[in-house]
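Colleague: Next one to model:
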Amino acid sequence: MSIGPKIFLVPIRTRNLETDAFDVCLPAGFAFAGETLTGQFIHSLATTTLQNLAAPQNTVRPSIEEVAQFFGKCAENIVANRWRHLVSDYSIHGLVFGYCEKIRRSRIFSIMVTSASDEVIETKVDEIDLRRERIYCIGSGAKNARAIVDELRRAHQPIWPIKVMDKIIADPSVPSVGGAIQASTASPKGVALKPMLRRVGSTAGEYTVMGVNIFELGMVGGYVPVAQLHMVDDNDPDFAPVR
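Modeller: The predicted model follows:
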């Protein structure tokens with residue numbers, strides 16, 4: 001099992017070279033399935049550079065598609081460099097998503113990088129049509145998740161994404177999927193990571209962000225690490241059922 005955070009914010013900032021003024025864009029999001037270090041390296045490279053964009057004029061913000069294409073180049077670079085240092089399978093399937101201000105709607109792009117060697121790397125960046133793909137599954141549990149979704153659709157039952165994830169995590173036939181659910185939302189305000197407050201038994205609970213139990217981290221001076229609670233239950237508006 002490859003454990004660790006697999007869903008992240010993508011902060012974006014541009015600088016006007018003529019006036020030295022900065023513009024903070026709406027944050028995008030990045031999630032991935034695959035080898036954890038590779039995904040985290042890709043995110044680190046992309047977000048470090050995306051926060052330092054510069055041009056003579058910065059009046060037009062990058063689109064989600066342009067950000068996704070850049071992530072694809074970062075992913076290809078990281079996979080090639082890791083292959084050169086140690087031959088292994090660094091293939092990765094990522095998602096770049098967020099609210100696109102250019103066309104005023106949310107968009108999501110699939111980034112698939114496969115490697116046969118450091119010189120034979122294939123990168124595909126494709127948009128996922130949210131009007132057709134209401135639930136899009138990636139990773140080692142994708143086949144099982146699609147089977148659950150198909151069964152619910154045949155029975156004309158609502159599909160709760162969180163409940164589908166719970167079933168995959170508990171499925172012994174998919175040992176590569178485990179840990180805590182990590183979640184985010186995209187809206188006209190940008191992408192937001194969602195801390196998850198899950199019930200454990202009748203009295204106890206677990207409060208996680210990026211898969212880590214916040215209760216175990218303590219305070220930061222007089223501050224709690226994350227002030228926003230997000231209870232996952234059947235009335236959760238951010239993770240409503242789809243059909």
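
Colleague: and A142, how many residues sit next to it?
Modeller: Using other Cβ atoms under 10 Å, A142 has 16 other residues around it. For the C-beta atoms, the positions are set from N, CA and C on the backbone; glycine is no exception.

Colleague: and if you look at S115?
Modeller: The burial count for S115: 22, using other Cβ under 10 Å.

Colleague: pretty sure it contacts V79?
Modeller: Yes: in this structure S115 lies within contact range of V79 using Cβ atoms under 8 Å: 5.2 Å.

Colleague: Quickly list what's touching both of the two.
Modeller: By Cβ atoms under 8 Å, 6 or more residues apart in numbering, S115 and V79 have these common neighbours: 90-91, 121.

Colleague: which one of these is nearest I181?
Modeller: Among the shared contacts of S115 and V79, S91 lies closest to I181 (Cβ to Cβ), at 23.6 Å.

Colleague: who touches the closest one in this structure?
Modeller: 34, 79, 112-115.

Colleague: Would you mind listing which of those are buried?
Modeller: Buried by 16 or more other Cβ atoms under 10 Å: 34, 79, 112-113, 115, out of the contacts of S91.

Colleague: Just name the shakiest helix or strand of the protein by mean pLDDT.
Modeller: Using mean pLDDT, DSSP states H and E, strand 196-200 stands out as the lowest-scoring helix or strand of the chain, at a mean of 72.

Colleague: follow-up on the earlier one: between the buried ones among the contacts of S91, which sits nearest V226?
Modeller: Nearest to V226 among the buried ones among the contacts of S91, with distances taken as Cβ to Cβ, is G34, at 26.2 Å.

Colleague: now for whichever strand or helix holds T49, which elements pack on it?
Modeller: Assigned by DSSP states H and E, T49 belongs to helix 36-50. Contacts defined by 3 or more Cβ pairs under 8 Å, 6 or more residues apart in numbering; DSSP states H and E place helix 36-50 against strand 7-10, strand 28-34, helix 64-85, strand 92-100.

Colleague: That'll do, ta.
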